[in-house]
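Engineer: Give me a 3D structure for the following:
(chains A, B, C and D, ligands or ions: 4)
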Amino acid sequence: MSTVRARAAGVTGHRLFWPLVVLVLLLVANAIYRPSFLSVELKNGHLYGSLIDIVRLSAPLILVALGMSLVIATGGIDLSVGAVAAVAGAVACLYISEQPDQNSLGVVLTAVALGFGVALLLGAWNGILVAGIGIQPIIATLILMVAGRGLAQLIAEGQIITINSGPYKVIGVGHLLTLPFAIVIALAVTVLVAVLTRRTALGMIIESVGGNAEASRLAGIRSRRITFLVYVVSAACAAIAGFMMTANVSSADGNAVGLWVELDAILAVVIGGTALAGGRFYLGGTVVGALLIQTLTTSVYAMNIDPQTSLLFKAVVVIVVCLIQAPAFRARFRRRRSVPVTPVEPVGTEKEQVPA
Amino acid sequence: MTTTPLAASPGRAWWRVPPRHVPVLATAALLLVMYSIGVSQYQAFSNIQVVFNVFIDNGFLLVVAVGMTFVILTGGIDLSVGSVVAMTAMVSASLLGNGLHPALVLVIALLIGPVLGFAMGCVIHFFDIQPFIVTLAGMFFARGVCTWISTTSIPITDGFWTSAAQHRIHLGENFVSVGALIAVAVVAVAAAVLAYTRLGRNVYAVGGNQQSALLMGLPVGRTKIAVYTISGLCSAIGGILLSFYTLSGAPLIAVGMELDVIAAVVIGGTLLTGGSGYIFGTLLGVLVLSIIQTLITFDGTLNSWWTKIVIGGLLFVFILLQRLVGIRTK
Amino acid sequence: GNSDTGGDSDSSGGGSGKLVIGFSQVGAESGWRTANTNSIKESATEAGYELKFDDAQGKQENQIKAIRNFIQQKVDVIAFSPVVESGWDTVLKEAKDAKIPVILTDRAVDSADKSLYKTFIGSDFVKEGRLAGEWLVKEKASAAGPVNIVELQGTTGSAPANDRKKGFAEAIAANPNLKVVASQSGDFTRAGGKQVMEQFLKANPKIDVLFAHNDDMGLGALEAITAAGKTPGKDITIITIDAVKDGMQALADGKFNFIAECSPLLGPQLMDLAKKVKAGEEVPARVETEETTFTQEQAKAALPNRKY
Amino acid sequence: MSERHPVLTMTAISKIFPGVRALDGVDLRLFPGEVHALMGENGAGKSTLIKVLTGVYGTDSGTITLDGAEVSFSGPMQATAAGVSTVYQEVNLLPNLSVAENIYIGREPRRLGAVNWREMRRRARDLLARIDLHIDVTELLGNYSLAVQQMVAIARAVDIRARVLILDEPTSSLDADEVAQLMRIMRQLRDDGIAIIFVTHFLDQVYAIADRITVLRNGRLVGEYLTSELPQIALVEKMIGKELDALERLDEATSGEDRAALESGTPLVAADGLGRSGSVAPFSLTIHQGEVVGLAGLLGSGRTEVARLFFGADRADAGRLAVDGTPVTIRNPVAAIDRDIAFCSENRRTEGLVGELSVRENIILAMQAARGWLRPVPRRRQDELVQHWITALSIRPADPEMPVRNLSGGNQQKVLLARWLITEPRLLILDEPTRGIDIGAKTEIQRLVAQLSDGGMAVLFISAELEEVLRLSHKVAVMRDRQLVTELTNDDTLDAARVMQVIASGSSQEGSVPA
Ligand SMILES: Nc1ncnc2c1ncn2[C@@H]1O[C@H](COP(=O)(O)OP(=O)(O)OP(=O)(O)O)[C@@H](O)[C@H]1O
Ligand SMILES: Nc1ncnc2c1ncn2[C@@H]1O[C@H](COP(=O)(O)OP(=O)(O)OP(=O)(O)O)[C@@H](O)[C@H]1O
Ligand SMILES: [Mg+2]
Ligand SMILES: [Mg+2]
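Structural biologist: Ligands and ions are numbered 1, 2, ... in the order given. Below you'll find the predicted structure:
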């Protein structure tokens, strides 16, 4: 009995419990509105259904948010991810559009490599500004947020580059083993980042830099190098997201690709339990946060909520998520539970008291 | 070697500027340099009216940035400002359209922002939720209210509003608008509040170290709630100024304004981590952004995308110089 | 060179020196807009006028600032595409006081005082929506049962979205069989159009018509429709607005069914008007751009000569 | 004793943190005009008791009465208003504000409702002058050393006209002079009828000033005693709960006998004219393998700066450094760690620990940094190492996964020490390693230092406690006004008085090597 209760306390106390509850509630609401919402069917060997859509559509956001998690863990922030995604997508699409054979795999690989390379440069630029010159991250990345969009438009000369490349399209809408390829990529990158940070010491080192940069430096950590690195990683993630977004519609729109994705990404990270002040980061939480945000967007469409009021709907859900996630809020609505306490050694001596 | 006197206090002579004022002064100097470049490059740039226009055109931005300075000084952030500005303008326009008395509209409009700010402050403080997420929800909410009121822009034809909007206060050949004067007044009041009231000191204290401030017996919660309320009030004033400025309420106005505002505050030398910065710096920050914009308009040859790249570039050069001057004097 | 461009502000006589036009563009948020900008720039060069171009990045505040700066620089004519309809009176009054004529392009303003600007040149969004609706009414005149329409709106709160929705709704009211079953915002982007359409397709088993407020959303929706195993243009009738190149291509390929044109090529007309306005000639209060509509056959014929 | 009424009573106070019962039915009585020492090992619950009193933490049970009326403060603000003024254990001031503001914030002198800056500065200057601190009160507090900050914190608390003054380890970062100043002030306040709670790990100070002692152990009350009736040995036994055997038998750990052996051969580290302008004047100092070099000097004499130069925490701009006889440039801590140098910083909160990380992570941090991120220390090895040092230094609670910020001050210090010990350095720089550590653990650390140096490790030892420096060091380098003035060999003739004299006069007559 008591173990059941203890276990229940352990589950509800978990960081991800409440965001997951909201996620499930949203899905249930959708299912009530339209029962077929939850159904997943196999069409021509591809999984098909709203749930699959949600995961597929959140793939770019998950990618961007993963990079953002690392940046935020160091106490920074990266506003330029949207612009970087746009630039990477534009570079790749521009290259493909100029080739005679857009369907050649070599062309697509070269294009992706080019876009990726440019993104890494942009990430390095951010990293130098923040770690090298010591500019406040929000301003350092704001520069690229503004200029990067310009760059993306410059590349396409303000037009939408439309391509017709089968292999490139696969990144956005292809399938692998019945799963949308975008999901596979997001999964792979998530696993990669998780392994890189949690199987090595990188995660702890990032957290230590974010928790106390000076103490970390004095412990022999090259804080600056780590800070530099996370901006590069963030740009790399953004680039992949950029390929995905452009491949999804086979065109690169310098303006629209990744517009406001930075805000969504930060929101995802924060919902996932990572503090903006830096320190501990939770990749799993970030993924849940991203899924939650996409579910919210999809719900608006699926339940046909009037666009005029959809923002109010979003506001309410975000408020609910952050309220029930806050321990201080829940504490007000819950009886105090007994906490397991480590036994203390008995104190031998009697209590003694002297007269006043 | 003879014994050097204990260099206890980093000794300095009276004519030297205290180190913590250096960033602000450097920013001011750089701003002057930028202005001179404009003057030397473009003929009409030297008109005094250009300077006045900066205040006329950025009055609401300035007011909102003042509110944001309070929030950032405590180490928080307020993403809702742009939407609250829009909401205030929208509410004013729709109420005026319904024939409410302008004085009443003014009161209502000036109340909505602070109330929302107060609510957000309470959630942030009592439930210990990150300001980013709370104010982001506030941003969705306020913007949602805008589109909920109307998806089309609502013109304002009220007599009081139009005269406030179009009245020109002449100073010699040039003029300023009522809005610009209000903005300058808000800056002055805010600077005084920060420098000469307990609230001001507490704002810096909370930003310096919230835990310490608490242990020192300072009203941390009250201060935090106060700054979000102030920010809400400033956004509301900004919204009124914007409705003067555009004589309408539009659901999509001031989108992304929060970023401009945060940028202005940070360029003005305020640390995003809180505890350090000045209203005067914020004023400079707004001027920097505005001068960049003005330079680009005067140039008039830039492509849409080059405009963005050049804005980013100028911002970069500015921040870099600011930073280098800061390091040099350290 | 850019250092001497501010110099000829004294040439207010109109006869001497080049005509200086200050033009404030909304932004560069779409290919349509870029084509619009290019048209204006090219025509200015051709006409030998000096163009001061400003990009407001989608913000009304920036446009007002730009207009103020144009007044400061004493340009001969101010032209601008207003971001929103309302809120221009103050600055337009300043322009009037400075005796600088103003021409509105592309979008109108709702000032009560019509003397604040000389003329308006551009398209009528309501009319575009109506044209789209009228074509549909004709097309489905013989439809026996109800016709389910889904609508992809532009950015919520933007003028084209509001007007096109309105015009379309007015037109299809003629046939009570035509019913809009779902309407969501796709933010004028391909990705948005695709994402919304995916959900429409899942939520509504029978969709007969898609009306998209611009080509881009329609193009995005195409992908969703194909992915859902339906044939665009056949299973679902697609109507869009704009007629940009990719849209025309889709129309010619039979994937779209109808496009109401919204031409960005205002440049030549604008230059013409600017000259007349400066010379003090009478101009009509409203000049509509030469626009048309395209069916699939017309698109095939027009496609080779499209400029954008 | 006369029938007096306590100004403050705390009865049956309990406080539970997740997983830890920090206080369990603790009582405390405080009478007007007395200094009441609160004693106990690290983690005994002293700071927690104080924080419960001032409302930082809520109680789980128990009552507090102030002047006979039951109170329950919701926070320090209310406590201060009710006349309870507190200096908390870690310096809790605002580094981003000026010294004057730090003293007067919350009760700024005002004129016409506006803060009167001039008056505030004047009062701050006067107040600090009374405790012999002559610093620029307009300067940011963060620019001063921890010790100065500690003095400012005390000044702030003392200036609040309170009935109850609480000082939680105020002396841990002060040197003898400052401590004397503080004692003087405390006596004065006591004579004015103010009740003072005093927490410290220095028994001498307790016996010098306290009238009454309350001892806590493991969150429980052991008892309340009159100082005059409780011998030191008995106090220590009550604190640690067992017979105190070989605790004080460390004195002969070092002696001058093996000096010759030590000095032969190339020094492990040799600084030659090393210096940094604005920080320390160029100095020369050699440290041999197995040698303990003590750094003595007053507050702000530049000891920390010397240590930081050796470690590359600050970059030297003059002079040379040689390790094993080969010249090296140490630009940053990474370079120093590569050469097996470790530095245990004095300011554990800002320069030492990462509060959010666990005890385990904090302990392995330096080792991990040296290995590089690609080669994580295997989890099993981490657990072994951490467990070993948790036991060896008796870190409590012995939970390696506890965030280090939740540890008591003394236990945090031990974690920091453990971090560097597992890197097995050849030169260990210890800047105030025993600050805030209870006597049991302190002796343990001293024994450890002696042991390490016997095993061949070189140690640069900085401590405000001269006795401790003398007990451990083979050689004492004396600093004054940011210069190294002399080196004294620690033979039988050297005692604290001698060193004090050198510090005071700035020179030594005999047996010294000029700097
Ligand atoms: N916020 C907290 N969360 C969890 N445990 C805590 C917290 N604060 C203190 N503790 C635990 O409570 C116990 C008592 O700590 P406290 O700081 O009162 O010790 P102390 O007697 O002041 O020790 P020291 O002499 O080292 O300062 C310790 O075991 C500590 O780990
Ligand atoms: N009594 C004092 N009056 C004025 N300034 C002081 C005083 N004591 C210390 N300082 C300041 O403290 C700063 C730091 O000193 P530093 O840390 O080098 O000293 P230290 O010898 O390591 O002392 P400790 O470690 O005991 O604090 C110096 O800048 C000095 O100006
Ligand atoms: Mg303690
Ligand atoms: Mg020191």
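
Engineer: Please, which helix or strand holds residue 153?
Structural biologist: By default, I'm working from chain A. Counting by DSSP states H and E, the element that carries A:Gln153 is helix A:137-156.

Engineer: sorry, should have said chain D
Structural biologist: helix D:146-159.

Engineer: quick check, that helix touching chain A?
Structural biologist: No - using C-beta under 8 Å from any C-beta of the partner chain, helix D:146-159 never reaches chain A; the gap is at least 14.0 Å. All C-beta spots, glycine's among them, are computed from the backbone N, C-alpha and C.

Engineer: likewise stretch B:265-280?
Structural biologist: Yes - counting by C-beta under 8 Å from any C-beta, chain A has neighbours in stretch B:265-280: B:Val266, B:Ile267, B:Leu271, B:Leu272.

Engineer: can you tell me how far the nearest residue to the third one once chain neighbours are set aside sits from ligand 3?
Structural biologist: Same thing as B:Leu271. Nearest non-adjacent residue to B:Leu271, counting by C-beta to C-beta, 6 or more residues apart in numbering or on different chains: B:Gly277, 6.1 Å away. In this view, B:Gly277 and ligand 3 are 34 Å apart by C-beta to the ion, to the nearest Å.

Engineer: Is B:Gly277 in a helix, a strand, or coil?
Structural biologist: coil (DSSP: H, G, I helix; E, B strand; the rest coil).

Engineer: surely it meets B:Thr74?
Structural biologist: No - B:Gly277 is beyond contact range of B:Thr74, at 10.7 Å (criterion: C-beta atoms under 8 Å).

Engineer: Have a look at the two and say which one is more surrounded.
Structural biologist: Neighbour count, other C-beta atoms under 10 Å in any protein chain shown: between B:Gly277 and B:Thr74, B:Gly277 has more, with 28 against 25.

Engineer: near chain C, which residues of the stretch 201-330 of chain B show up?
Structural biologist: Residues of the stretch 201-330 of chain B lying near chain C (C-beta under 8 Å from any C-beta): B:242, B:245-256, B:290, B:293-294, B:296-305, B:307-308.

Engineer: Which residues are in contact with D:Val328?
Structural biologist: D:Leu321, D:Ala322, D:Ala335, D:Arg339 (C-beta atoms under 8 Å, 6 or more residues apart in numbering or on different chains).

Engineer: Would you quantify the distance from it to chain B?
Structural biologist: 25 Å (C-beta to the nearest C-beta, to the nearest Å).

Engineer: Is that residue bridged to anything, and to what?
Structural biologist: Going by DSSP bridges, D:Val328 is paired in beta bridges with D:Leu321.

Engineer: Check the gap between it and ligand 2 for me.
Structural biologist: Distance, D:Val328 to ligand 2, using C-beta to the nearest ligand atom, to the nearest Å: 23 Å.

Engineer: which element is A:Val270 on?
Structural biologist: Judged by DSSP H and E, A:Val270 forms part of helix A:261-271.

Engineer: Just name whatever secondary elements the helix or strand following that helix is in contact with.
Structural biologist: Once helix A:261-271 ends, the next helix or strand along the chain (criterion: DSSP H and E) is helix A:283-302. Judged by 3 or more C-beta pairs under 8 Å, 6 or more residues apart in numbering or on different chains; DSSP states H and E, helix A:283-302 is in contact with helix A:17-33, helix A:50-73, helix A:181-194, helix A:261-271, helix A:307-325, helix C:190-203.

Engineer: Please repeat the previous calculation with a cut-off of 10 Å.
Structural biologist: Contacts defined by 3 or more C-beta pairs under 10 Å, 6 or more residues apart in numbering or on different chains; DSSP states H and E place helix A:283-302 against helix A:17-33, helix A:50-73, helix A:181-194, helix A:261-271, helix A:307-325, strand C:178-185, helix C:190-203.

Engineer: ok, and for that helix, which residues are buried?
Structural biologist: A:283, A:285-302 (16 or more other C-beta atoms under 10 Å in any protein chain shown).

Engineer: Next one: the most centrally placed residue in chain B, what pLDDT does it get?
Structural biologist: The centre of chain B sits closest to B:Ala65, judged by C-alpha atoms, centre = their mean, with a distance of 1.0 Å. On pLDDT, B:Ala65 comes in at 97.

Engineer: looking at it, it is touching B:Leu259, isn't it?
Structural biologist: No - taking contacts as C-beta atoms under 10 Å, B:Ala65 lies outside contact range of B:Leu259: 11.6 Å.

Engineer: element containing the closest residue to chain A within chain C?
Structural biologist: Residue of chain C nearest chain A, by C-beta to the nearest C-beta: C:Thr34 (3.3 Å). Taking DSSP H and E as the criterion, C:Thr34 maps to helix C:31-47.

Engineer: Check whether stretch C:247-254 comes near chain A.
Structural biologist: Yes - using C-beta under 10 Å from any C-beta of the partner chain, stretch C:247-254 reaches chain A at C:Gln249.

Engineer: quick revisit: does any bit of the helix holding A:Gln153 sit next to chain B?
Structural biologist: Yes - applying C-beta under 10 Å from any C-beta, one finds helix A:137-156 in contact with chain B at A:137-140, A:142-156.

Engineer: quick one: C:Phe200 and C:Val180 touch, right?
Structural biologist: No - using C-beta under 10 Å, C:Phe200 makes no contact with C:Val180, being 11.3 Å away.

Engineer: Now the common contact residues for those two.
Structural biologist: C:Asn148, C:Val150, C:Glu151 (C-beta atoms under 10 Å, 6 or more residues apart in numbering or on different chains).

Engineer: Give me the angle between the helix or strand where the first one lies and helix C:190-203.
Structural biologist: Think C:Asn148. Per DSSP H and E, C:Asn148 falls inside strand C:147-153. For strand C:147-153 against helix C:190-203, the angle by axes from the mean of the first three to the mean of the last three C-alpha atoms, to 10 degrees is 150 degrees.

Engineer: ok, strand C:147-153 near chain A or not?
Structural biologist: Yes - using C-beta under 10 Å from any C-beta, strand C:147-153 reaches chain A at C:Val150, C:Gln153.

Engineer: For the one residue in the stretch 151-300 of chain A that gets nearest to chain C, which non-adjacent residue is spatially closest?
Structural biologist: Residue nearest to chain C within the stretch 151-300 of chain A (C-beta to the nearest C-beta): A:Gly158, separated by 3.3 Å. Spatially, and ignoring its direct neighbours in sequence, A:Gly158 is nearest to C:Thr34 (3.3 Å; C-beta to C-beta, 6+ apart).

Engineer: swap in C:Ala143?
Structural biologist: C:Asn177 (5.8 Å).

Engineer: Count residues in the vicinity of that neighbour, would you?
Structural biologist: Here the count is done by other C-beta under 10 Å, and C:Asn177 has 14 residues near it.

Engineer: surely it meets C:Val147?
Structural biologist: Yes - counting by C-beta under 10 Å, C:Asn177 sits close enough to C:Val147 to count as a contact (5.4 Å).

Engineer: so what sits against both of these two?
Structural biologist: Joint contacts of C:Asn177 and C:Val147 (C-beta under 10 Å, 6+ apart) are C:Val137, C:Lys140.

Engineer: where in the stretch 351-500 of chain D is pLDDT low?
Structural biologist: Counting by pLDDT under 70, the stretch 351-500 of chain D has no low-confidence residues at all.

Engineer: picking that back up, tell me the helix or strand right after the helix holding C:Thr34.
Structural biologist: That would be, after helix C:31-47 and using DSSP H and E, strand C:50-55.

Engineer: nearest residue to A:Phe243 other than its sequence neighbours?
Structural biologist: A:Ile171 (5.2 Å).

Engineer: List the buried residues for whichever strand or helix holds the one you found?
Structural biologist: Element membership of A:Ile171 [criterion: DSSP H and E] is helix A:166-173. Residues A:Pro167, A:Tyr168, A:Lys169, A:Val170, A:Ile171, A:Gly172, A:Val173 are the ones in helix A:166-173 that count as buried (16+ other C-beta under 10 Å).
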